[in-house]
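A.B. asks: based on what follows, work out the 3D shape:
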Amino acid sequence: MIAADLRMATDPEQQLGLLLTKWGFRLQTASAILAVLYPDTFTIYDIRVCNSLCAFHQLGDMKWSPRAWQEYQRFVVAVRDAAPEGLSLRDCDRWLWGKNKREALLKELAEPD
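C.D. replies: Residues are numbered from 1 along each chain as shown. A predicted model of the protein is given here:
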């Protein structure tokens, strides 16, 4: 059972690795599950956030490895750094999603008919 496996994992790296390897989730889904369970540790890997950061687009396609964990940790730091100070990690996600949506709408409005 997933919940039992996550409880037995000794650290966040093992938790994410477990969902990616044993349970076969992609990073997008695994990070969403973990962000709900551990919102101060995990952020959701999402293309909108990658677009806002102008980085990390290939992270979701990486095979699980220590390097992939390091890249995910860099992603978490980038998410925190890109959003206004004082927001929770989950609110950083939301802020970056909104920023991406705003930029897309402004671009759409600026395009000639």
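A.B. asks: does the residue nearest in space to the middle of the chain count as helix, strand or coil?
C.D. replies: Centroid-nearest residue in the chain: Tyr45, 2.4 Å away (criterion: Cα atoms, centre = their mean). Following DSSP: H, G, I helix; E, B strand; the rest coil, Tyr45 is assigned to coil.
A.B. asks: does it touch Thr29 like I think?
C.D. replies: No. When contacts are counted by Cβ atoms under 8 Å, Tyr45 is not listed as touching Thr29 (9.1 Å). Where C-beta positions appear, they are placed from N, C-alpha and C, glycine not excepted.
A.B. asks: for the biggest helix by length in the chain, buried residues please.
C.D. replies: Identified as the longest helix of the chain according to DSSP state H is helix 89-110. Buried positions in helix 89-110, judged by neighbour count with 16 or more other Cβ atoms under 10 Å: 89, 92-93, 95-97, 99-100.
A.B. asks: got the residues you listed as TSV, with pLDDT and distance to Glu111 columns?
C.D. replies: Converted to TSV, the buried residues of helix 89-110 look like this (pLDDT from 0 to 100; distance: Cβ to Cβ, whole Å):
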residue	pLDDT	distance to Glu111
Leu89	95	34
Cys92	96	29
Asp93	92	28
Trp95	95	25
Leu96	95	23
Trp97	94	22
Lys99	94	19
Asn100	93	17
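A.B. asks: low pLDDT regions in this structure?
C.D. replies: Within the chain, the segments meeting pLDDT under 70 span 113.
A.B. asks: let's see it at 80
C.D. replies: By pLDDT under 80, the weakly predicted segments of the chain are 112-113.
A.B. asks: quick one, strands of it?
C.D. replies: With DSSP state E, there are no strands along the chain.
A.B. asks: which stretches of it form helices?
C.D. replies: Per DSSP H, the chain carries helices over the ranges 2-8, 12-21, 27-37, 47-53, 66-82, 89-110.
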